[in-house]
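Colleague: have a look at this prediction, sequence included:
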Amino acid sequence: MSWVTAVPRCDDVFDEDLDELSVQNKEWTCNMERRTKDGFRDGIDAGKEASLQQGFNLGYREGAAKMKAIGQFKGIISAVRCWCQSQPSMRSDPITQLLQKVEKHEESLFEAMRKAQEMPPPGVSELVGDMDDLAVDQSYCGGSDYSRIDQDGESCRKAWLMTNRHQISAVLQSGH
């Protein structure tokens with residue numbers, strides 16, 4: 001529906017009091033504003049689409065990997081249960097109970113994946129803050145205490161935190 005809001009809201013270009021150059025400038029400005037807004041909207045739409053597609057691909061890959069084995073197992077158990085039901089001397093109760101347990105496990109996997117989607121991974125600053133909150137003590141910096149002050153007046157601990165922020169950021173961005 002972006003075409004509905006794309007109606008130009010510029011001044012009247014047929015005003016008799018304006019000279020030709022002024023009219024051209026207003027028209028040019030109006031066209032550039034419209035093109036900029038259209039480009040911005042198109043960029044946002046393309047970004048959303050790419051982000052959604054990437055998220056879908058990741059979710060599909062993760063869900064398929066986790067659910068493939070349990071789906072195969074349920075299929076095997078169901079086939080064995082059907083076979084047991086067709087045999088007059090076989091009892092299918094233990095197999096039915098096993099199938100119910102597998103279905104409960106499947107539901108718990110679904111719930112765990114849903115909860116994982118609700119809680120996004122922490123950012124680098126949150127991780128560093130958590131390390132500080134936990135009082136993680138890194139006792140050495142080049143063979144000396146992190147709390148000492150170096151020649152530039154910076155604490156060695158700050159240097160360590162900056163180095164590790166970059167390392168943590170690299171790990172989070174690589175997905176490992």
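Modeller: Perfect, I can see it now. Keep in mind that this is a model prediction, so the values were computed, not measured.

Colleague: where does the protein have low pLDDT?
Modeller: Along the chain, segments meeting pLDDT under 70 span 1-18, 120-125, 127-128, 130-133, 135-176.

Colleague: so what does the longest helix along the chain touch, helix or strand wise?
Modeller: As assigned by DSSP state H, the longest helix anywhere in the chain is helix 20-86. Here helix 20-86 touches helix 93-118, going by 3 or more C-beta pairs under 8 Å, 6 or more residues apart in numbering; DSSP states H and E. Glycine gets a C-beta too; all of them are placed from N, C-alpha and C.

Colleague: which positions in the helix it packs on come out as buried?
Modeller: Of the residues in helix 93-118, 95, 99, 102, 106 count as buried by neighbour count, 16 or more other C-beta atoms under 10 Å.

Colleague: which ones are touching the second one?
Modeller: By C-beta atoms under 8 Å, 6 or more residues apart in numbering, the contact set of L99 is 74, 77-78, 81.

Colleague: show the buried residues in these.
Modeller: Listed as buried from the contacts of L99 are 74, 77, 81; burial here means 16+ other C-beta under 10 Å.

Colleague: could you chop this protein up by domain?
Modeller: If you go by automatic domain parsing, the domain ranges for the chain are 1-120, 122-176.

Colleague: wouldn't G63 be in contact with M113 here?
Modeller: Yes: contact between G63 and M113 holds when scored by C-beta atoms under 8 Å: they sit 6.4 Å apart.

Colleague: tally of neighbours for the spatially closest residue to H105 that is not a sequence neighbour?
Modeller: Distances taken as C-beta to C-beta, 6 or more residues apart in numbering place I70 nearest to H105, at 6.8 Å, with adjacent residues excluded. I70 sits with 14 neighbouring residues when counted by other C-beta atoms under 10 Å.

Colleague: thinking again about what came up before, export the buried ones among the contacts of L99 to TSV and tack on distance to T36?
Modeller: Listed next are the buried ones among the contacts of L99 as TSV, based on distance: C-beta to C-beta, whole Å:
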residue	distance to T36
K74	55
I77	60
R81	64
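
Colleague: is G59 in contact with Q117, as I believe?
Modeller: Yes: using C-beta under 8 Å, G59 is in contact with Q117, at 7.5 Å.

Colleague: farthest pair within the contacts of L99?
Modeller: Using C-beta to C-beta, these span at most 10.3 Å, a distance reached by K74 and R81.

Colleague: isn't F73 right up against H105?
Modeller: No: using C-beta under 8 Å as the test, F73 is too far from H105 to be in contact (9.2 Å).

Colleague: L98 contacts I76, doesn't it?
Modeller: No: L98 lies out of contact with I76 (C-beta under 8 Å); the separation is 10.5 Å.

Colleague: cool, thanks, signing off.
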